[in-house]
Structure formats: C-alpha cells, structure tokens
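Undergrad: fold the stuff below for me.
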Amino acid sequence: MQNNTVSEGKTNAIIAYLWWIGLIIAVILNKDKKNYFTSFHIRQAIGLLLLSLVANLAYKFLPHTAGYLLNLGVFVLWVIGLIGAFNGEEKEVPLLGDKFQEWFKSI
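TA: Purely as a prediction, here's the structure:
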C-alpha cells in the first residue's frame with residue numbers, strides 16, 4: 001500500500017474507533033473519496049462495536065466474572081485496533097479481524 005493512502009486516511013481510521021458516533025463520522029467522511037486504509041479500519045471498528053454489544057448482552061446473562069473478562073477482552077482488541085490505526089498499519093485484530101474484513105467487505 002502506498003504511504004500516501006495511509007497518510008490521507010489515518011485521521012478517519014482513528015476516528016472510526018471512537019465509539020459509534022466516530023464510526024458514523026468516519027463512514028460519512030470516507031463515503032465520497034474511498035480510502036482503502038480508512039475502509040480497513042472502519043470494518044475492524046464495526047466488528048468490534050458489534051462484538052462489544054454481544055459482550056455487554058452476555059454480561060447480563062453470564063456470571064459477572066465471565067462477563068467482565070469478555071468485556072475486558074473486547075477492550076484489549078479495541079486498543080490493538082486503535083494502535084494499528086495510529087501506527088498506520090493494516091493490522092487485523094486477533095481472533096476475528098479476518099472475519100470482520102470478510103463480513104463487511106462491502107464497506
């Protein structure tokens with residue numbers, strides 16, 4: 001990937017990880033002038049947001065320790081994705097990152 005693509009899309013890629021509002025803003029900003037780097041991180045952020053919703057729902061039904069560990073795991077994945085965006089890397093989050101790219105490839 002060209003360095004120019006990363007530098008142009010880095011800010012929007014970082015914004016994508018800032019909760020669902022940031023994700024919506026990043027999608028809107030990336031809509032007209034598609035940037036591959038931004039799209040990569042938008043797909044990762046969508047997957048992490050959905051995983052977070054599942055983890056929060058599971059927290060209500062699982063024993064609190066298991067729910068807490070699940071949410072902590074999602075947080076760690078989120079940090080890994082955000083650090084990748086800051087560093088200008090297309091680094092998939094462990095475990096499900098490749099699936100996020102596959103499932104949300106239309107974005």
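
Undergrad: could you report the neighbour count for residue 60?
TA: 8 (other Cβ atoms under 10 Å). All C-beta atoms are positioned from the backbone trio N, CA, C, and that covers glycine.

Undergrad: equivalent analysis for the one 5 residues further on, please.
TA: Other residues within reach of residue 65 by the criterion other Cβ under 10 Å amount to 8.

Undergrad: and what of residue 7?
TA: Neighbour number of residue 7 under other Cβ under 10 Å is 12.

Undergrad: which ones are touching it?
TA: Each residue near residue 7 by Cβ atoms under 8 Å, 6 or more residues apart in numbering is listed here: residue 88.

Undergrad: go through the helix of greatest length in the chain and flag the buried ones.
TA: Ranked by residue count under DSSP state H, the longest helix found in the chain is helix 36-61. Going by neighbour count (16 or more other Cβ atoms under 10 Å), the buried part of helix 36-61 is 37-49, 51-52, 55, 59.

Undergrad: ditto for stretch 13-25
TA: Residues of stretch 13-25 classed as buried: 13, 14, 15, 16, 17, 22, 23 (neighbour count, 16+ other Cβ under 10 Å).

Undergrad: state the distance from the residue nearest to the spatial centre of the chain to residue 70.
TA: Computing the C-alpha centroid of the chain and ranking residues by Cα atoms, centre = their mean puts residue 45 first, at 1.8 Å. As for residue 45, its distance to residue 70 is 18 Å (criterion: Cβ to Cβ, to the nearest Å).

Undergrad: can you check residue 98 too?
TA: Relative to residue 70, and taking Cβ to Cβ, residue 98 is found at 20 Å.
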